[in-house]
Each structure stands twice: as structure tokens, then as C-alpha cells.
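Asks: got a sequence here, can you model it:
(3 chains)
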Amino acid sequence: METGERKIPLLARLSAGGVSRREFLKTVTLAAAAVGLPAAFVPRMAAAAATGARPPVIWLHAQECTGCTESLLRTSAPSVANLILDLVSLDYHETLSAAAGHQAEEALWSSVKKNEGKFVCIFEGAIPTRDNGIYCKIGGRTATDLTRDIGLKAGAIIAIGSCASWGGIPSADPNPTGAMGVPQFLKNAENAPYLKGKPIVSLPGCPANPYNLLGTVLQYATFGTLPELDSAGRPKFAYARTIHEDCPRRAHFDAGRFTGKYGDEGHRQGYCLYKIGCKGPRTHANCSTKSFGEVVGSWPVGVGHPCVGCTEQAIAFRVPLHATVEIDRPTPPDTYPPITADHGGVSIAAVGVAGLVGGALLGAGVMNARKLGAEAKEEERKTGETKPEGK
Amino acid sequence: MSITRRSVLKGLVAAGTAATVGTPVAFAARERKKPLPDAVGMLYDATRCIGCKACVVACKEANGLPPDPGPATGGMYDAPIDLSDRTKNVIKLYREGGRISYMKAQCMHCVDPACASVCMISALHKGKYGIVEYDPDKCVGCRYCQIACPFNVPKYEWSKAFPKIVKCEMCRHLQAQGKGPACCAVCPREAVIFGPVDRLLADARGRLQREPVRYHPKVYGEKDVGGTQVLYLSAAGIPFEKLGLPALGDQPVPEFTESLQHAIYQGFIAPVVLYSALGLVMYRNRRKRPAGEEGEG
Amino acid sequence: MSHRAEPVGGPILTRPFKVLLGVLVVGLLLTAWRFVSGLGPTTGMNDGYAWGIWIAYDVVTGTALACGGYAVALLCYVLNQGKYHPMVRPAVLTSALGYTLAGVSIVIDVGRYWNLWKVPLLWNWNRNSILLEVAICVMSYIFVLWLELSPAILEGFERDNRYPLLRRMSLKIHPFVNRAMIWILALGILLPTMHHSSLGALMLISASKLHPLWHTPLLPLLFLGSCLFMGYAVVVFEGEISSQVFRRQRETRMLVSLSWVMVDVLFVFLALRLGDLALRGRLGLLLNLDFHTFFFLLEMALFLAPALLMMKRERRYNPGIQFLSAMMMICAGMLYRFDVYMIQFDPGPGWSYFPAIPEMFITFGLVALEIMVYIFIVKRFPILAGIAPPPSEPSLGAAGVPASGR
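Replies: As a prediction, this is how the structure comes out:
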């Protein structure tokens, strides 16, 4: 992509690419829902997308596998990639660039210079910091250098993928390259003073879910704001809840139905994978509600593999795949029995019958007593004696 | 023998007072029972339990128990609300304020069980490894065990024409296969573990020592009701009463009644003495009675 | 009129008898249903309240109501108050029927009744079990009671010329029974003493479930005391009723002195009960003014009212007052036992119990059966005596004889 491309109306471009207006709106609606915006905003987002007010984006790569870009490209109906690429002006992207070599570098630096303080810098991949960062060099410069130089000039920073968010696979023990995430790097003692309150959005995941990026970008493109973030810089719309809280297999967990090992009866029945090490209960992500591709259920648990917790620094590539974890926020449904259960009440009819019978017997007794007393008095009166009757 | 009403009253009062004062001191409480040397049990750590209910399902499978649709949940498939004739093990939820704890309920396998003490012909008895076992062939279905158990563990098959008492027996029917209780085998978090009681107790005490902040400072069942072979640990700030484990004191439930029983019926002396005394008195009275009343019942 | 007991005679199938028969038939049908479908559908019992009215009434209260034989035998043969002699046979009959029906109730109540034959086998015994002791005692006592009653039955066969075989057999057996009677009677006093105190001891094990106003180490003694005054009360109660129904002369004086004994036992019982509560520091619980206080005070009212009623001389000679007092004593004893076994028994939150209608009607059926058999035996065998002993009997001083202006 070169800068200065002719501005063709978005819809025209889309229909030229085989995407109908309907599909466009559908995707925008999905993205709006993902970001947590009500349907009323969809027209506005669509309009923003259509007017082509396209913020410049520079996409940098460091220690990465390009999986996050690939996950973006692995959508086709409509192509989220295309959508994003039409929403923004992607001035630099090593994988998608038609240009190469010095031409690409020139595009990069001219965009940085032109859009300083305004462009969005998307990072993919971890930043190696050991030995002055020689373990990742692009265009002759270390990743640390580039990150400082370009990242600190950006208007907003998005770290896509676990590697960029907190270090990912390169940071796994023993972390020989000193890999760390972009937020961690830019907030370290050396760089922090230059950060000047620039927002850093982390979208962890290995790969990150492309819809999360879409939502973030769409919001930025429409409103110029970034979604609400949690303490780790992750958008709450995607990372506030754990996999476990929204897992489609949750009913099996709640009923105690588990897979014991791959291929057993429970596995075939699609039972909960907790026992073979699903990290869902401690992993914040929205994979359980937002699949990765257009196919519903295309995520690890959906295909029968326990979640590995790829978004969580404490879990991914640290805790063994099949080790069980504690539940972060146990939210037991009301179907758990309470400590003291209610075992039912008494029959009103029975109480009634008992009352009637008891009352009748007591009444009869009292009446009989009165009768006896009256009889005795009568006898006394007749005989005129006060002595006791009977012998 | 002329008996005045006064003497009758005096006699009754004297007997009554003697009994009131004498009974508690007259008998020495019998020696308190200790767990068998090879006693096995379970340790349930509520802080480790995640409420997955795998143990509930495993228990049903291992014991061949039918599903127990919960009435409170609109007949949801197999959602027991408590122990019952179809459920020998259940996970309950304690929820107060923001705090949550799970609680595994099943037979406590007491060291000195009330149920075994009261069972007329020992259908419920303490068997191998100290497990409280149930033998339906000796059970008459009197349900005294249900009255006696302070934890309300034994359940009865009310809806059957040929009912049994149902309770956890630590999967003793699997012992031949070398297996322990199914609940412990299946627990993914080792929240409930099986083993010799002395080792479990040491383990529990160790946990309290290593992480005092995490736990409520007591192992339930160490001394309660004379000791139980199923031990419990609870989270800090959640006393055991909240989990449904009552504060019953350290005295075993049957201790008083058994001591009383032994004191009165020791060697069957008292009844024989009383019988002889009665016979003697009535014999003498008969000699004194006018002949007309001879031989009438 | 003689001292002797005579069969009342008359037709068996009177209208009241037929009504009772109807009640019995209903009870029998329901009992059949109970055996087919189990206790759950037919009773209100549940895992929290495993014992219901079949235990609390049929067994525990029923046997106390059947303590007339025990109570009167105690007076007549141990304390040598021969004047009560005419009351012995009807009391023993009531006792025999009451205990037999308690036994029948047990068979209906237990779930695995086919194993009951294993209970008397010595080698099976768990000697720690108080229930076992109750069971063996009650089983033996039923046997003993019918033995105690046998002279009356035998006499009846002897008088009846219609069945010469029975007559001959009776004449043969009768002397043996007479000679053994002391030892039978001694058993007839030992056994109830044992099992009635044990009926109280049965609930000792439920310290955590029985309310402290009722749970006390004195339970065995209190149950023994209450069964005594209930026994006397039943004798008075039934004495009055059978006098009315079978148009016999009332034995008012004897009943008066019996009533006094009843009241004496009652006062000892109350003293023990309240004294024990005070000594254990439990009286303060009454200040809670709750459900428990209500029943405690109701019990006390039912205990004290008859005692107070009988204080005045003229009143206690009034058969109506006697009857009422006896009735209140019976209710008091019944309430006390119901409290210990059911009402003040709390297995924990979430559990509740009230007898189901079929459960109640099975009990009604059994009571009807008891009354029907009583009527039959009383009409065909010499149980009831025509007249009370002459007033000149120089027996115990103050009881019964209106002396110095009480």
C-alpha cells in the first residue's frame, strides 16, 4: 500500500471486491456488538467507515510468527482484513506491503514524519532487550530502537497478540533474548518519561482474535476513542470475562461431566475439558463467545482441546498444558444445593383431619365428664345423701 | 406391713432423688474409643474444591445409584439437593456476602458412631479399616440410626416396598480391586483425598501450619464427637457451622447412653436383683392376703 | 352382687361396634397399601423425622396408656393394697391389648419387617442398643401380659359349657398358671420398669436434636414416672367409661383413692422435672417465650390442672371431675411423650413433619381394633367385677377414706 492512494468511496471498493453492502453492514454490526456498542451506533460506524476518514496506521513487527496478521487474513466473508485495511490507511506492514527494501523504509519514515502524534502504531511480536536488543533487527536497526523511535511518536499504540502484549512465546523460560511485551518495554524506567500518557491497548491471544482488533479500530475510526481498558491494558469488551464464564461446555462442568483423556467417552460426548487441563477458568478472553473464523466453534475447546490460556502471562507457556487450575471467579449457578436444603412442608389437609378428630375426642370427653357430674349430682339430690355413691 | 400414703410418698421421693443425684456419678464413663491403627478416611479441603461435582457423579457411577432430580431446580436431571436414598455424596454451596465455599457432604465415619451404637442387631457397624458399614440382611428398618446420627447422614428408601438405609461406605465394594473411594479418585484438584487417618491428620495440620492465612484454624473431625475419619478444612473466615458441620463438642455421641446402659445393666445384675426382690415381696404379700383373692391375675 | 368378675354378656355386633369395624376396615386397606408402596407415600415421615406418630403415639404413648396393668399390679401386689384387686383384670386386659397393638404397630412401621425374627436371637444382639432392650422387653411383656390375663380367659372357658374340650384343657392348665403367677407378676413389674425407662433413654442419644427443655439425663426416670400416672389415669378413665357403657356400678371410691395416687406420682414427676431443669440451669430458656415455651407451659397446665381440681374434697368424689382429671392426665402424659419424640425434636432446618392422613387412619384402625377386642373379651370373659370391695377395709390411712376435713 502506498500513501496518497486515490480515495475511492468505500462501498464502491467493497462491491468491486465482491462484498455487498449487506455483508458490510453485518460485519460492522458484529464489530459494534463486539465493542459493546448498541445497534443504534451501527449506521454511524458504517458512515464513518464509508466516509473514508482513515487514520494512518503503522504496523511494526518484532519477535513474532506473523500469526496475528495471518489470523486477520484468514477471514473471507467479508474479509476482515480488507475491511480494516479500508478503514485505516495502512502505511507500513511488512507482510502486506507490495513494496520492499528501501522503498518500504521510505514509506515508513515519511508516514512517521508526516503523521507524528496522530498515527496508530500497531505492534506485533515481542521486543528482545538483552544485549542491546540485537536479537531482532529490521532494516539494520534493533527492535528496541525502532519501538522507541516510532512508538513514542504515535498517537496511540495497539499491541496485538500475546507476544506484543506481554512477551508471548519468546519470553518463555529461560527467555534467552530478554523478550518482553511492548507495554512493559515502553513503561520501563528508560522509556517511560517519553510515553507521555499515550494509551497502549493490549490485545493478547495467540493468535489474537481478529474481531477484537476490528472492534478497537472501528471505535477509533468512528469516535476517535479507544475502548475501556482493564488494569492490564486489555479492552474490557473482550477480556473482562474468563473463558469459563461463557464457555459452551459450562453445563457439563456444572453437572460434573468431564473428559478423562483424549478420545474417551466423555471426550466424544463433548464434555468439559477441565480435568485435562483447560485453563479457561483463569483465562480472560472472548474466544468462547467469538470464534476465530466464520465457523462457529473454531477455537481450541470447540475442537476438543483444552484452552491453554494463551492470553495470560501467568499461564501460557508456563503452566503445563494438562495441569488443572483454580477457578478465578467462581460463579456457581443457583442449581448448587444450599448448605441447608428445604425438604418440603406439611399437608394442610392432614392438619385439618387431626384437628377435627382430636377436637371431637376432646369434646366428647369433656361432655362425658359433664354428664357424669350431672348424673352424680342428680343421684345425690335424689337420695339426699352427700356420701359417695358406689361401693 | 402397713403402708401409709406418707411412706409411699417418702419412698418415691427418696428413690427419685437417689436416681437424680446418683446416676451421673454412679457410673464411670466408659473408655473413649480411639481410631483403629489401620483406620482410613478422607480429607476434604474446602479451599481447594472448585465445586465441579465430579465426585458426585463418580459416586453415583461407582455405587450404581439412580439420578436424583432436584425438586428445587424444577426437576433438573440429577441435581440432588441433599444426601438422599439416591445420593451418597453431594456438593453443597455456601454463599454469603461475596464469599463462596463448597462443602462435600457424606458419611463422617465417626470413630465412635452413634448409628452403630444404637443399631439393634448391628446392621450398621464399624468394620474393616474403621469404615462404618451397612448390612441390609440385619437391618429391620427401624430407622433409629437416622434419629441418632447428629449429621443426619443415613437416608432411607421411603418410596420402596423393600427399603434399605443408604449412606457412603467409602466404596468398600471396590477394595477387592485395590481401589479407594471413587470421589477421591476422580477429584481433579485433590480437594478430597483418601488415606490412613493418621497421615491425613498430619497432612491437615501441616496445611494449617504452612498457610495459616488461608484456613480456618481447625481440623474438623480431629476431636469432634470423639473424632471422625472424614476430616475437613475450611477457608479462613468461614467457620464450620456455616458449612453445615455443627459444633457438637468432643464427647462421642453414644458415650453417655452407653455408660448409663452399662451402669444399670452391668452383668444384668440389677434386673435380676429387682426381679428377686419383687418376687419375694409379692410372695410375702400373698401369704398375708385373704384366701378369696387367691390366684387371680 | 359379688366381688367376682363376670362376663358382661350381650350382643357383640352393636352399632358402636360396627362403626369401629368400619374404621378398622379402612385402616386395614391403608395398611395393605403401606406394604405395597412403602412408607413414603403413606406417611409424612422423612429423613429428618424418621419416627412419626406410629412411634410417638402407637408405641411410646400406647404402651404408657397400657401401663394400667403395671401400675395397678404395683399397688395391689407389691404395696399390698388388696382393695384395688377388682381393677386388676380390666387393667391387665387393656395392657395386653395395648402392648399387642404396639407390637403390631412396630411391624407396620419398620421397613424391613421380614428381618424382625433375627432380633430375639441372642448372638445378634448389640447390647449397647437401648432400642434392642425395648424391643426384647416389649416382646416378652406382651407374652407375660397374656399370661397374666390367662386366669380370666381360662375361667371363661371353664364356665362355658359349649366347648367341653376347652373347658377340660383350662381346668388342667389353670393350677399351673396359679402357682406360677407370682413369678409371672414379678416379670410383669420388672419388664415395664425396664422398658419404660428405656423408652425415655431412647432419646438420650439425640442431645443435638432434642430441645434442652426436654433433653435431660433424667429422661428414663421421667418416662417411668409419667407411665405410672398415665397408667393410673387410664384405669380411672376406663373404669368410668366401662361403668357407663356396660351399666355397672361405679367404683367411685376406689377410683378416688387411685386418683390420689395418680396425683402423688404426678407431683413427684413434676418435682423431678422442674428440679432437674433448675439444677442444670435451663429454666431460663422459658423466658424466650417461643414455640418451646408454649408447649412446656401447656404440659404444665395439663399436669397441674387435674391436681388442683382434685384438691377439694367434694370435687374429687365427683365422677365427672375424676373423669376430667384422668383425661387431662392422659393428655398431659401424651403431650409430654409427643414433645420428647416429635414436637421438640429438631433435626435441623429444612425438615418438618406432620402425620399424613393415611398414617393417621392406620392408627385409628388399630385403636378401633383394640377397642373391639376389648369389648369382645369383656363381654365373653370374666373381666369386669360387679362391685367394689366393702368400705370397711382397714387399708392405707389417708387415701380414699374421707377423714379429717381435707
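Asks: CA atoms for contacts and neighbours, from now on please.
Replies: Will do.
Asks: so for stretch C:97-109, what's the average pLDDT?
Replies: Per-residue pLDDT over stretch C:97-109 has a mean of 95.
Asks: can you tell me if that stretch touches chain B.
Replies: Yes: counting by C-alpha under 8 Å from any C-alpha of the partner chain, chain B has neighbours in stretch C:97-109: C:Asp109.
Asks: one more: stretch C:119-135?
Replies: Yes: legend: contact between stretch C:119-135 and chain B by C-alpha under 8 Å from any C-alpha is shown at C:Val119, C:Asn124, C:Trp125, C:Asn126, C:Arg127, C:Asn128, C:Ser129, C:Ile130, C:Leu131, C:Leu132.
Asks: by neighbour count, which of those residues wins?
Replies: The most neighbours of any of these, using other C-alpha atoms under 10 Å in any protein chain shown, belong to C:Ile130, which has 27 neighbours.
Asks: that one and C:Leu204 touch, don't they?
Replies: No: with contacts defined as C-alpha atoms under 8 Å, C:Ile130 does not count as touching C:Leu204, sitting 9.8 Å away.
Asks: hey, where'd the strands end up in the chain?
Replies: Let's take chain A. Per DSSP state E, chain A has strands spanning A:56-61, A:89-93, A:120-124, A:127-128, A:137-138, A:141-142, A:156-160, A:179-180, A:200-203. These are given in chain order.
Asks: actually, chain C is the one I wanted.
Replies: Using DSSP E, the strands found in chain C span residues C:5-6, C:384-385.
Asks: where in the stretch 151-300 of chain A is pLDDT low?
Replies: Of all residues in the stretch 151-300 of chain A, those with pLDDT under 70 make up the ranges A:294.
Asks: helices along chain C, start to end?
Replies: C:15-37, C:39-42, C:53, C:62-65, C:68-73, C:85-109, C:130-159, C:164-201, C:219-245, C:252-279, C:291-309, C:313-317, C:319-338, C:357-380 (DSSP state H).
Asks: alpha carbons of the fifth one, as PDB, please.
Replies: Read that as helix C:68-73. Backbone C-alpha positions of helix C:68-73 (Å, rounded to 0.1, in the frame of the first residue of the first chain) are rendered in PDB as follows:
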ATOM      1  CA  GLY C  68     -52.600 -49.700  83.800                       C
ATOM      2  CA  GLY C  69     -51.800 -53.300  84.400                       C
ATOM      3  CA  TYR C  70     -48.300 -52.400  85.600                       C
ATOM      4  CA  ALA C  71     -49.500 -49.600  87.800                       C
ATOM      5  CA  VAL C  72     -52.300 -51.500  89.400                       C
ATOM      6  CA  ALA C  73     -50.200 -54.600  89.900                       C
END
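Asks: enumerate the residues of the stretch 251-400 of chain C near chain A.
Replies: Applying C-alpha under 8 Å from any C-alpha, one finds that the stretch 251-400 of chain C approaches chain A through C:251-253, C:317-321, C:323-324, C:327, C:349-357, C:360, C:387-391.
Asks: ChimeraX command for the buried members of the residues you listed?
Replies: Only the buried members of these end up in this ChimeraX selection, burial being decided by 16 or more other C-alpha atoms under 10 Å in any protein chain shown:
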select /C:251,252,253,317,318,319,320,321,323,324,327,351,352,353,354,355,356,357,360,387,388,389
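Asks: where does chain B come near chain A, residue by residue?
Replies: Checking chain B against chain A by C-alpha under 8 Å from any C-alpha, the hits are B:48, B:50-57, B:73, B:79-82, B:91-94, B:100, B:103, B:188-189, B:242-244.
Asks: rewinding a little: need the winner for burial among the strands of chain A.
Replies: Comparing the strands of chain A on average neighbours per residue, with mean count of other C-alpha atoms under 10 Å in any protein chain shown, the densest one is strand A:127-128 at a mean of 32.
Asks: for that one, packing partners?
Replies: With contacts defined as 3 or more C-alpha pairs under 8 Å, 6 or more residues apart in numbering or on different chains; DSSP states H and E, the packing partners of strand A:127-128 are helix A:143-146, strand A:179-180.
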